[in-house]
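Student: Next come a sequence and a model predicted from it.
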Amino acid sequence: MASVRDILARKGAACVSISPEATVAEAARLMNERGIGGVLVLERERLVGIFTERDVLRRVIAERLDPATTVVLEVMTTPVVTCLPETSLEELGAILSTRRIRHLPVVGAEGLCGVVTSGDLLAYQVADQAATIQYLNNYMFDRR
């Protein structure tokens, strides 16, 4: 059965993070530069929160806060929902949909392992289905 570890092996385990003392403007600039929808908030290499586009919209813009002076610590999502590398893809999908989140940090015994997103899950499932279809075509039409 496929797991979160398989997604991380395919996409890589690199994480983009920011300090809780950084401003919202700095976090938004970083997300824009990297083309990502969220950053992990780390304090001394410990995961203390996550800051996403949704946080910008709901907790900064909607509340009319100044992104240049508001620090991430004040508006980040905490506590952070996480999963294990061993989490099955079925369970991952359930977590993402029931919690209505798109970014999920992966934390194992060795600490932070990466981040998986709803897009990562979809891409993995599409690639897996394409491989299955190719295998079945080859089997049915005896192509080797």
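Tutor: The structure has been received and is ready for your questions.
Student: Every contact and neighbour count from this point should use C-alpha atoms.
Tutor: OK.
Student: For the spatially most central residue of the chain, which non-adjacent residue is spatially closest?
Tutor: Centrality entry for the chain: nearest residue to the mean C-alpha point is residue 103, 3.0 Å, by C-alpha atoms, centre = their mean. Distances taken as C-alpha to C-alpha, 6 or more residues apart in numbering put residue 117 closest to residue 103, at 4.5 Å, once the chain neighbours are dropped.
Student: Touching, the residue nearest to the centre of the chain and residue 119? I think so.
Tutor: No: Residue 103 lies out of contact with residue 119 (C-alpha atoms under 8 Å); the separation is 9.1 Å.
Student: top helix in the chain by residue count?
Tutor: helix 118-140 (DSSP state H).
Student: In that one, which residues are buried?
Tutor: Within helix 118-140, the residues that count as buried by 16 or more other C-alpha atoms under 10 Å are 118, 120-121, 124.
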